[in-house]
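**Q** Turn this into a model:
(2 chains)
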2 protein chains.
Amino acid sequence: MNEKIEKIIQNIKPINFKLMEEAQEKLDKLTKPQGSLGKLEDFARRIVGISGTLSPSIKRKVILVMAGDHGVAEEGVSAYPQEVTFQMVYNFIRGGAGINVLAKHIGAEILVVDMGMAKDFPLEESIIRKKIAYGTNNMAKGPAMSRDEAERAIIAGIEVFEDELNRKGIDIIGLGEMGIANTTSSSAIVACLTKSKVEEITGRGTGIDEDQLKNKIRVIKQVIEVNHPEPKDGLDVLSKVGGFEIGGLVGCILAAASHRVPIVIDGFISCASALIAIKLAPLVRDYMFASHNSVEKGHKIALKYIGKVPMFDLSMRLGEGTGAALGISFVEAGVKILTQMATFEEAGVDNKSS
Amino acid sequence: MNEKIEKIIQNIKPINFKLMEEAQEKLDKLTKPQGSLGKLEDFARRIVGISGTLSPSIKRKVILVMAGDHGVAEEGVSAYPQEVTFQMVYNFIRGGAGINVLAKHIGAEILVVDMGMAKDFPLEESIIRKKIAYGTNNMAKGPAMSRDEAERAIIAGIEVFEDELNRKGIDIIGLGEMGIANTTSSSAIVACLTKSKVEEITGRGTGIDEDQLKNKIRVIKQVIEVNHPEPKDGLDVLSKVGGFEIGGLVGCILAAASHRVPIVIDGFISCASALIAIKLAPLVRDYMFASHNSVEKGHKIALKYIGKVPMFDLSMRLGEGTGAALGISFVEAGVKILTQMATFEEAGVDNKSS
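**A** The predicted structure is shown next:
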């Protein structure tokens, strides 16, 4: 594998489990019955293990929205035309999309990255330019991209993360994406890696009807048959049935874990990226939080496969990082519990009588 | 019933269902697949129905933390001594409790009310003083309070809400509480109103062991046997097996609904208050949002009884309004989606091709 990717993977260390025990001791001294803040306490404990400090602080929250087009869109797998990728990215830049609203709501910034849109973005517009190609190839006919392109997509993701980390710092990262037909790619990835039936992990994406769903399932089966991606080789899966934005997210995950920055998964597509990242570097798993359970059918199977329990289920299926945004806010709530609550001693409250 | 309560109840009108349909039309024009923000859209629609405007805005968020003591605490139903009610209220005022942290996290203010603590709060401390009595009577031996006291507790809740509404405005209210032994009272209320078995709705509260749980169940059965509260009469249930903080929350719910202000339920105790409020004025149901599903066993049954699906389950069981705080943030997110996202037309995005 590429040297830069190898190096990042080697830098990923286990989270600090010993410090997590100390975090629990600290949590147990706070003015509440032990364990009574449930998963908020889990989040706090895990952030301690990731960040390596008993007094973590989530100051700068970033949601990375990676965009790419998919050649397989020409097989009629989406309810929307391919142009919508570009148009929606424009909408992200202008601030009118769902992710803009929710990022602002939780106090996060978004970074929009062109990983491989079919059209070039006007030069005067502020977007991070990492285009690998003008959309992937139609993977129903052959590999989505070359192995070299897959590596370049991962490296681009690493660079985006590290550039931003060096420039302004990142305390938590949410994974967002945009790419018409990318649930098709994600279904192929998840079917392959979890060895699930295509029917079981294929959903309606942006909202296709029964006939379109049948077609989508047929296309995904063909995609797998034509490319026979090797489940043991994450890079092979990414190159044959992935997408540029998915590769970018994989790179971002690897980079975040190597810098001990917590990662919040959004929906089905970012979860597919998480599966590939875990395949490449199993230790990244502990750096990740699953935000929500989306409507997209395969998401639940993918989350189960990586052993993550989502924080909530609001029947969302928009992507863009919208679920991750709300999830980041929950993680932050947990961290504040750990760092801002008074102890029984400080507050002069009697602890449990029994 | 008392005239003031009667008047408030008469002022509660149905929410505006017609406007909710218009809200959905507005939501369907926003740059996202129709319905893809799931429950966030439901929240927005409902806030429109409650507030009566297509452009609602949640500016001032308030969490009301009502405190009261329970005579039944002397039966050994809690893991903590009664003094902890007072000590924790002190902690609320000082800003060191879970609800302080989470309210601040979501940008809400908290109002702490002494509805009937066993001790008086120092005069120099800033707390809303509505003490009905120095704790309820031990309801294992007779009614928790008189019918007159129950009415006065409700009226106090109405006054707290209306005073604050007049002073600074309230755009959404979260229901919080503190009172050692108040899960015992809530279990009695919920068992009575939902006609459930005591065993089914009695949990471990702040964290009692197996023997203490058996004792708690025995006590609750005795409470019901001694008082035989009448399920058709909400006021009878409140006075015989309720608490002053629970009565205060009932008043707050009635007042909020009468002023078309949305209400976010917290855990088991605030849900028991909701059951009584609905019994007194069924229309309040549509003004309420259920935030979380708590660990406390009877909460799920109570939520089901009033037909509310909680937004999330983080295995929390602290009360104080902590779940409501996070729920308010979700409702607010939904409202912002409705009011801040761009439409397909504004953003120049192609709508669904099919």
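
**Q** contacts, neighbours, all on C-alpha from now
**A** OK.

**Q** In the stretch 101-250 of chain A, what residue lies closest to chain B?
**A** A:Thr206 (5.7 Å; Cα to the nearest Cα).

**Q** Am I right that that residue is in contact with A:Met316?
**A** No. In this structure A:Thr206 lies outside contact range of A:Met316 using Cα atoms under 8 Å: 10.8 Å.

**Q** what touches both of those two?
**A** Counting by Cα atoms under 8 Å, 6 or more residues apart in numbering or on different chains, the contacts common to A:Thr206 and A:Met316 are B:Ser36.

**Q** Return the residues in contact with the nearest residue to A:Glu74 once chain neighbours are set aside.
**A** Nearest non-adjacent residue to A:Glu74, counting by Cα to Cα, 6 or more residues apart in numbering or on different chains: A:Asn138, 7.5 Å away. Shown in contact with A:Asn138 (Cα under 8 Å, 6+ apart): A:70-74, A:144.

**Q** so which two of these are the farthest from each other?
**A** Greatest spacing in the contacts of A:Asn138, by Cα to Cα: A:Glu74 and A:Ala144 (12.9 Å).

**Q** With neighbour numbers in mind, choose between these two.
**A** Taking neighbours as other Cα atoms under 10 Å in any protein chain shown, A:Glu74 and A:Ala144 compare with A:Ala144 leading, 28 against 13.

**Q** related to what we said a few turns ago, and the residue of the stretch 101-250 of chain A closest to chain B, how many neighbours does it have?
**A** With other Cα under 10 Å as criterion, A:Thr206 counts 22.

**Q** right, and the secondary structure at it would be what?
**A** Under DSSP: H, G, I helix; E, B strand; the rest coil, A:Thr206 falls in the coil class.

**Q** Please apply the same query to A:Gly323.
**A** Here A:Gly323 is recorded as helix under three-state DSSP.

**Q** thinking again about what came up before, Throw the contacts of A:Asn138 into CSV and include secondary structure and pLDDT, thanks.
**A** Shown next, in CSV, are the contacts of A:Asn138 (DSSP: H, G, I helix; E, B strand; the rest coil; pLDDT from 0 to 100):
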residue, secondary structure, pLDDT
A:His70, coil, 98
A:Gly71, helix, 98
A:Val72, helix, 98
A:Ala73, helix, 97
A:Glu74, helix, 97
A:Ala144, coil, 98
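
**Q** Which positions in the stretch 251-354 of chain A make contact with chain B?
**A** Neighbours of chain B within the stretch 251-354 of chain A, by Cα under 8 Å from any Cα of the partner chain: A:311-318, A:326, A:330, A:333, A:336-337, A:340-343, A:347-354.

**Q** So, low pLDDT: which residues of the stretch 201-350 of chain A?
**A** When residues are selected by pLDDT under 70, none of them lie in the stretch 201-350 of chain A.

**Q** From chain B, how far off is A:Gly38?
**A** 5 Å (Cα to the nearest Cα, to the nearest Å).

**Q** tell me, how many neighbours does that residue end up with?
**A** Counted with other Cα under 10 Å, A:Gly38 comes out at 18.

**Q** ok, it - contacts?
**A** Taking Cα under 8 Å, 6+ apart as the criterion, A:Gly38 is in contact with B:314-317.

**Q** for A:Gly207, same thing?
**A** A:Gly207 neighbours (Cα under 8 Å, 6+ apart): A:78-79, B:33-34.

**Q** Next one: it from A:Leu318, what distance?
**A** Going from A:Gly207 to A:Leu318 by Cα to Cα, to the nearest Å gives 10 Å.

**Q** intersection of neighbour lists for these two?
**A** Common neighbours of A:Gly207 and A:Leu318 (Cα under 8 Å, 6+ apart) are B:Pro33.

**Q** What segments of the stretch 151-300 of chain A are strands?
**A** With DSSP state E, counting those that start in this stretch, the ranges of strands along the stretch 151-300 of chain A come out as A:172-178, A:263-265, A:288-290.

**Q** what's the longest one in contact with?
**A** Identification of contacts with strand A:172-178 by Cα under 8 Å, 6+ apart yields A:58, A:60-68, A:85, A:88-89, A:245-246, A:249, A:256, A:261-266, A:269-270, A:319-322, A:324-325, A:328.

**Q** What pairs with that strand, parallel or antiparallel?
**A** Its sheet considered, strand A:172-178 pairs with strand A:61-68 (parallel), strand A:263-265 (parallel) by DSSP bridges.

**Q** same question for the longest one, mean pLDDT?
**A** Pointing back at strand A:61-68 there. Per-residue pLDDT over strand A:61-68 has a mean of 98.
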